[in-house]
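J.: Predicted structure and sequence below. I'll ask about it afterward.
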Amino acid sequence: MDAFIEVDRVEKVFDVRRRTGFMKRERRQVRAVDSLSFTVARGEMVGYIGPNGAGKSTTVKMLTGILMPSAGRLRVAGIDPSRERTRLAHRIGVVFGQRTTLWWDLPLIDSYRLAHRIYRIPDARYRENLDRCVELLQLESLLDVPVRQLSLGQRMRGDIAAALLHDPEVLYLDEPTIGLDVVSKAKVRGFLRELNAERGTTVLLTTHDLQDIEQLCSRVMVIDHGRLVYDGPLAGLHEAGESERMLVVDLERELPPVRVASARVVRVEGPRQWLAFPAGQSAAPVVAQLAAEYPLVDLSVREPDIEAVIAKMYAEKAVS
Amino acid sequence: MGAGRLYGAVAAGGFRRYATYRAATAAGVFTNTVFGLILVYTYLALWDEKPHLGGYDQAQAVTFVWLGQALYATLAIQGGGFEIEFMERIRTGEVAIDLYRPVDLQAWWLASDLGRALFQLLGRGVVPFVFGALVFPTAVPGDVGRWLAFAVAVVLAMVVSFGIRYLVALSGFWLMDGTGALQALMVTGIFCSGMALPLNAFPGALGEVVRALPWAAQLQVPADVLMGKADPVPAFVFQAAWAVVLLAAGRLVQLAAARRVVVQGG
């Protein structure tokens, strides 16, 4: 497999000095990233999640070359980012949901013209990419509007276009849908999906919105305290987090808790009972047994809340 | 080549950004004219008491005032150029985004600030100066060569001014809140540039010192070049030397600062 991003036992240690009294300072080392290893293939879309302060931003800063790792090896498109930051910069795109690269006082189009110069994009390529972004992100009517007058969603779309005009091979997205309404979120996600499908752009997506991940990424990496605690498909998170699905059944009348193999009753309320069973398991055998042995009227299955799963995962790591 | 076009575009952007705020420009023109009037009458009273103070006659003293008003915003003598925005970007951590681009940070801000300076020279500088020259007797030369030399001196002054403010702005990486540094810049700028009193009127050792500092390259030197009080070549050398020293110092500090990007926006 073509490993496009390679992170091999990377560490980042910060010296933090703290004032402890008059003229007294204490030096302390903070390990923001601790022996982190992963690879991302060209064209993959990977979600990179973790609680605040887990080391996500530090990782992205190292991958873009503005921070040098304290130890370990890092390569993006075969380039050592901190050694050749400028060369790499031509091949990557970065979007921060909470920050903007656009020229605040000037019409949106001016920021694009500037990007044309910054990245030395050939004229024909620039035109083509701009037209495409304008169409897909619906920027047509916004090009002549000063950035300060754009709404958050419009500005976000403007920022995404600015990051893509030079055909980056990899795109780092940090909270690209933060603060957006449902419609804007859908637009941004749809665009990213298409970009990945058509251009094969590798995407590393950092977010707190798990719907972003569910809708875009086949793979998710969870980082906590600078360590990778999960790397795999989103569905597998349930097993890793030992989460459970819930079968809610309505019986004909009030009965004592039912007895079914591989599920346990966690709650009884009149004729309604709640049965929990492992997330990786099918509901069919449980339902079949219930229907055969009990007077079943109705049922529904509730999927575990992925956010709860991850919150539980973070909490466990914090304790251990 | 490509770099030239890039920084040219950045400078053009800097120019147009300031050009969008027309009311602010009009207010600036008004303010500079009023301050010019106040200073002119003060100077006239002073030069009545002390004719030829600092080697200037009354017309030259009046010219100096209007040049000061014309260059006040252009050279951001009290601050108020790119450094406000740059420090804000440092404080919020947005400067990290600037580092993701394949551009040179110092050259980027220099180009942007030169664009701003050029706009403020044309938008805010010309009107008060012309007003002053029409209303008061001034020592404005008719010689084109002098005006060309003056133009060179003003461009060099813009670079020196940038160099000073770039260093002040970078202090934001260590101080986080740059308010104090900006206030120090403001007071030093007014006093050491000759905005309060021409530097050649400063007595003794104090005069020697302020005339050797980089702030002297901002208002005093271009004014003396225009009025024929200084030879252009040594004046340019003085300005260029300070420009080189300040830009080099800015580069060194920037290297150290880049290692601190770490802190914000984690």
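T.: Arrived safely, thanks for sending.

J.: residues in contact with B:Pro102?
T.: A:Thr86, A:Arg87, A:Ala89, A:His90, A:Ile118, A:Tyr119 (CB atoms under 8 Å, 6 or more residues apart in numbering or on different chains). To be clear about C-beta, it is placed using only N, CA and C from the backbone, and glycine gets the same treatment.

J.: That one in helix, strand or coil?
T.: Three-state call for B:Pro102 (DSSP: H, G, I helix; E, B strand; the rest coil): coil.

J.: Which residue is the nearest non-sequential neighbour of it?
T.: Closest residue to B:Pro102 apart from its sequence neighbours, by CB to CB, 6 or more residues apart in numbering or on different chains: A:Ala89 at 3.9 Å.

J.: Which pair in the contacts of B:Pro102 has the greatest spatial separation?
T.: A:Arg87 and A:Ile118 (13.9 Å; CB to CB).

J.: okay, these two: which has more neighbours?
T.: A:Ile118 (23 against 14; other CB atoms under 10 Å in any protein chain shown).

J.: how about the residues of chain B that lie near chain A?
T.: Contacts of chain B with chain A, taken as CB under 8 Å from any CB of the partner chain, map to B:2, B:5-6, B:9-10, B:13, B:16-17, B:20-21, B:92-94, B:96-97, B:99-103, B:258, B:261-262, B:265-266.

J.: Got a ChimeraX select line for the buried ones in the residues you listed?
T.: Typed into ChimeraX, the line below selects the buried ones among the residues of chain B next to chain A, using 16 or more other CB atoms under 10 Å in any protein chain shown:
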select /B:6,9,10,13,16,17,93,94,96,97,99,100,101,102,103,258,261,262,265
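
J.: list the helices and strands the least confident helix or strand in chain B by mean pLDDT packs on?
T.: The weakest-scoring helix or strand in chain B, judged by mean pLDDT, DSSP states H and E, is helix B:95-99 (a mean of 82). Helix B:95-99 sits against helix B:82-92, helix B:105-120, with contacts defined as 3 or more CB pairs under 8 Å, 6 or more residues apart in numbering or on different chains; DSSP states H and E.

J.: contacts for it?
T.: Residues contacting helix B:95-99 (CB under 8 Å, 6+ apart): A:61, A:66, A:85, A:94, A:96, A:99-101, B:86, B:89, B:105, B:108, B:258, B:261, B:264-265.

J.: Mind doing that once more with 10 Å?
T.: A:57, A:60-61, A:64-67, A:85-86, A:89, A:94-96, A:99-101, A:159, B:86-90, B:105, B:108-109, B:172-173, B:257-258, B:260-262, B:264-266 (CB atoms under 10 Å, 6 or more residues apart in numbering or on different chains).

J.: Now do the closest residue to B:Arg89 other than its chain neighbours: how many residues are near it, please.
T.: Spatially, and ignoring its direct neighbours in sequence, B:Arg89 is nearest to B:Val95 (4.5 Å; CB to CB, 6+ apart). A count of neighbours around B:Val95, defined by other CB under 10 Å, yields 24.

J.: so which residue of the stretch 201-320 of chain A comes closest to chain B?
T.: Going by CB to the nearest CB, chain B is nearest to A:Gly226 of the stretch 201-320 of chain A, at 11.8 Å.

J.: my guess is that residue contacts A:Glu11, does it?
T.: Yes. Under the criterion of CB atoms under 10 Å, A:Gly226 is in contact with A:Glu11, at a separation of 8.0 Å.

J.: so what's in contact with those two at the same time?
T.: Between them, A:Gly226 and A:Glu11 share these contacting residues under CB under 10 Å, 6+ apart: A:Arg31, A:Ala32, A:Val33, A:Asp34, A:Ser35, A:Leu36.

J.: Quick check: what element follows whichever strand or helix holds the second one along the chain?
T.: Element membership for A:Ala32, per DSSP states H and E: strand A:24-41. Counting by DSSP H and E, the next helix or strand C-terminal to strand A:24-41 is strand A:45-49.

J.: which strands and helices sit next to that following strand?
T.: If you count contacts as 3 or more CB pairs under 10 Å, 6 or more residues apart in numbering or on different chains; DSSP states H and E, strand A:45-49 packs onto strand A:24-41, helix A:56-64, strand A:170-174, helix A:182-199, strand A:202-206, helix A:210-216, strand A:219-224, strand A:227-233.

J.: tilt between the fifth one and strand A:24-41?
T.: Relative orientation of strand A:202-206 with respect to strand A:24-41: 140 degrees, computed using axes from the mean of the first three to the mean of the last three CA atoms, to 10 degrees.

J.: Neighbouring strands - and their directions - for strand A:202-206?
T.: strand A:45-49 (parallel), strand A:170-174 (parallel) (DSSP bridges).

J.: For the last one, what is the distance to the chain centroid?
T.: Right, strand A:170-174. 10 Å (CA atoms, centre = their mean, to the nearest Å).

J.: Could you give me the buried positions within that strand?
T.: Buried residues in strand A:170-174, counting neighbours by 16+ other CB under 10 Å, are found at A:Val170, A:Leu171, A:Tyr172, A:Leu173, A:Asp174.

J.: likewise stretch B:180-196?
T.: Going by neighbour count (16+ other CB under 10 Å), the buried part of stretch B:180-196 is B:Ala181, B:Leu182, B:Leu185, B:Thr188, B:Gly189, B:Ile190, B:Cys192, B:Ser193, B:Gly194, B:Met195.

J.: before we move on, what about stretch A:272-291?
T.: Neighbour-count burial for stretch A:272-291, counted by 16+ other CB under 10 Å, picks out A:Gln273, A:Trp274, A:Leu275, A:Ala276, A:Phe277, A:Ala279, A:Ala283, A:Val286, A:Val287, A:Gln289, A:Leu290.

J.: thought the first one was touching A:Val248?
T.: Yes. Taking contacts as CB under 10 Å, A:Gln273 lies within contact range of A:Val248: 7.6 Å.

J.: Just list the residues touching the residue of chain A positioned farthest from its centre, thanks.
T.: For chain A, the residue at maximal distance from the C-alpha centroid (CA atoms, centre = their mean) is A:Arg253, at 45.8 Å. Listed by CB under 10 Å, 6+ apart, the contact set of A:Arg253 reads A:Gly270, A:Pro271, A:Pro295, A:Val297.

J.: Quick check on these: which are buried?
T.: Among those, not one counts as buried by 16+ other CB under 10 Å.

J.: So which of those are in strands?
T.: Among the contacts of A:Arg253, the ones falling in strands (DSSP state E) are A:Val297.

J.: who touches residue 252 in this structure?
T.: Picking chain A for this. A:Pro271, A:Tyr294, A:Pro295, A:Leu296, A:Val297.

J.: switch to chain B, that's the one I care about
T.: The contact partners of B:Leu252, by CB under 10 Å, 6+ apart, come to B:Leu167, B:Leu170.

J.: Okay, it and B:Leu167: tell me how far apart.
T.: 10 Å (CB to CB, to the nearest Å).

J.: Now list whatever residues contact both of the two.
T.: With CB under 10 Å, 6+ apart, B:Leu252 and B:Leu167 have no common neighbours.

J.: pLDDT at B:Val62, what is it?
T.: Looking at B:Val62, its pLDDT reads 96.

J.: That one is in what secondary structure piece?
T.: Of the helices and strands defined by DSSP H and E, B:Val62 is found in helix B:58-74.

J.: If you compare the directions of that helix and helix B:105-120, what angle comes out?
T.: Using the same axes, to 10 degrees: helix B:58-74 against helix B:105-120 is 130 degrees.

J.: For helix B:58-74, buried residues please.
T.: B:58, B:60-74.

J.: For residue 143, the count of nearby residues, please.
T.: Chain wasn't specified; assuming chain A. Using other CB under 10 Å, A:Leu143 has 15 other residues around it.

J.: The chain in question should be chain B.
T.: B:Asp143: 10 surrounding residues under other CB under 10 Å.

J.: likewise A:Ser82?
T.: Residues lying near A:Ser82 (other CB under 10 Å) number 17.

J.: and the most centrally placed residue in chain B, what is it in contact with?
T.: For chain B, the residue nearest the mean C-alpha position is B:Leu75 (1.9 Å; CA atoms, centre = their mean). Residues near B:Leu75 by CB under 10 Å, 6+ apart: B:68, B:81, B:117, B:120-121, B:125, B:154, B:157-158, B:160-162, B:164-165, B:189, B:193, B:195, B:215, B:217-219, B:222.
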